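1. Show me the folded form of this:
(one chain, ligands or ions: 1)
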Amino acid sequence: VNDAATKHLFDNRYGTGQSTIDGVIRATDMLIAGKRVVVAGSGWCGKGVAARARGMGAKVIVTEVDAVRALEAAMDGLEVMTMKEAAKIGDLFITLTGDMHVIAKEHLQVMKNGAVICNSGHFDIEIDLKSLKKLAVKEEKNVRNFVDAYTLRGGRKIYLLGEGRLVNLAAAEGHPASVMDMSFATQALASEWAVKNQNTLTPKVYEVPSAVENWVAKLKLASMGIRIDSLTKDQEKYLSSWAHGT
Ligand SMILES: NC(=O)c1ccc[n+]([C@@H]2O[C@H](COP(=O)([O-])OP(=O)(O)OC[C@H]3O[C@@H](n4cnc5c(N)ncnc54)[C@H](O)[C@@H]3O)[C@@H](O)[C@H]2O)c1
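-> Below is the predicted model of the structure:
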């Protein structure tokens, strides 16, 4: 279901995009405008966070390992660089990669005093918390709700939100119901489809059928009071034929 368009294009992008920023603001009361916000991972979640941070006036930096996604972010007008470069200049770091130790010891070592780090991707493994604890000479829990301060040798402080767990769930309320409805509808209808078609299915991973995706999208549009056009018979014929040139 995560690969279904009616899930990742909406829940991951708009849901995580909004609720992650919400978590950061609730935890820190930080002004996003003018800050260098480093978004690790330019997948659906990362794109959502980056777009919202930019909309709020941040200078957004993206880090990636996938060349196509990095290029896309660059052509979206975002700054793309390595985490090693970004670590030195970022004010707020948000990891959304599904990967481990995206913020590692070498990055923590060069961060600015007052840098805020958090994760909205995969569990609490995206930031190397063991290294953070080892580097720290002082650890202060809950300097604000959901904020722990780590003082490193030399006096620099790094602020960790939500213990490195998903910040939108730790410090905010997760996604609004009005985007989770699509994910849950897709799950429910895909499950119904699997049960109804059990006699023809073999044990493997299936994509959510496009009929289910279209149904969910149509229901959501209807709930928003939006109507769209339909193809005329002539348009259907035109689009499916090769008879006409330019
Ligand atoms: N916070 C939430 O509520 C929430 C909601 C949905 C998904 N997620 C999680 O967010 C994560 C991302 O989801 P997605 O849909 O954007 O996935 P995605 O696969 O579309 O994007 C992940 C991106 O991270 C990049 N990446 C991987 N390792 C990297 C590294 N070391 N440095 C920089 N970039 C790296 C990948 O190349 C990819 O472009 C997943 O772990 C997912 O489970 C969280």
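
2. can you map out the helices along the protein?
-> Taking DSSP state H as the criterion, the chain contains helices spanning 5-7, 16-28, 44-55, 67-75, 83-89, 105-108, 129-135, 167-170, 177-196, 210-223, 233-239.

3. Make CSV from these and add mean neighbour count and distance to Gly114 to it.
-> From N, CA and C alone the C-beta is placed, and that goes for glycine too. Below are those laid out as CSV (neighbours: other CB atoms under 10 Å; distance: least, CB to CB, whole Å):
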stretch, mean neighbour count, distance to Gly114
helix 5-7, 21, 36
helix 16-28, 23, 11
helix 44-55, 23, 18
helix 67-75, 14, 26
helix 83-89, 18, 13
helix 105-108, 19, 13
helix 129-135, 15, 15
helix 167-170, 23, 17
helix 177-196, 16, 32
helix 210-223, 15, 41
helix 233-239, 10, 56
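
4. out of those helices, which comes closest to the ligand?
-> In terms of CB to the nearest ligand atom, the element of the helices of the chain nearest to the ligand is helix 44-55, at 3.5 Å.

5. Now do the closest one: which elements does it pack against?
-> Applying 3 or more CB pairs under 8 Å, 6 or more residues apart in numbering; DSSP states H and E, one finds that helix 44-55 contacts helix 16-28, strand 36-40, strand 59-63.

6. and the angle for it with helix 67-75?
-> Between helix 44-55 and helix 67-75, the angle comes out at 10 degrees (axes from the mean of the first three to the mean of the last three CA atoms, to 10 degrees).

7. relative to strand 36-40, how tilted is helix 44-55?
-> 170 degrees.

8. Could you check helix 44-55 against the ligand for contacts?
-> Yes. In terms of CB under 6 Å from any ligand atom, part of helix 44-55 sits within range of the ligand, namely Trp44, Cys45, Gly46.

9. So the closest residue to the first one other than its chain neighbours versus Met30, what's the distance?
-> Using CB to CB, 6 or more residues apart in numbering and skipping the chain neighbours, the partner closest in space to Trp44 is Asn12 (3.7 Å). Plainly put, Asn12 is 23 Å away from Met30 if you go by CB to CB, to the nearest Å.

10. Could you verify my assumption that Arg156 touches Asn113?
-> Yes. Using CB atoms under 8 Å, Arg156 is in contact with Asn113, at 4.3 Å.

11. Low-confidence ranges, this structure, go.
-> Filtered on pLDDT under 70, the chain yields the residue ranges 246.

12. at 80 instead, please
-> By pLDDT under 80, the low-scoring segments of the chain are 244-246.

13. what sits against the residue of it found nearest the ligand?
-> Nearest residue of the chain to the ligand: Gly43, at 1.7 Å (CB to the nearest ligand atom). Contacts for Gly43 were tallied using CB atoms under 8 Å, 6 or more residues apart in numbering; they are Asn12, Arg69, Leu96, Thr97, Gly98.

14. Show me which of Asn12 and Met30 is the more surrounded one.
-> The neighbour comparison of Asn12 against Met30 (other CB atoms under 10 Å) goes to Asn12, with 21 against 14.

15. need the contact list for that one.
-> Asn2, Gly43, Trp44, Cys45, Gly48.

16. Dump the helices of the chain to CSV, plus distance to Pro203.
-> Shown next, in CSV, are the helices of the chain (distance: least, CB to CB, whole Å):
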stretch, distance to Pro203
helix 5-7, 22
helix 16-28, 31
helix 44-55, 28
helix 67-75, 32
helix 83-89, 40
helix 105-108, 42
helix 129-135, 37
helix 167-170, 32
helix 177-196, 11
helix 210-223, 20
helix 233-239, 37
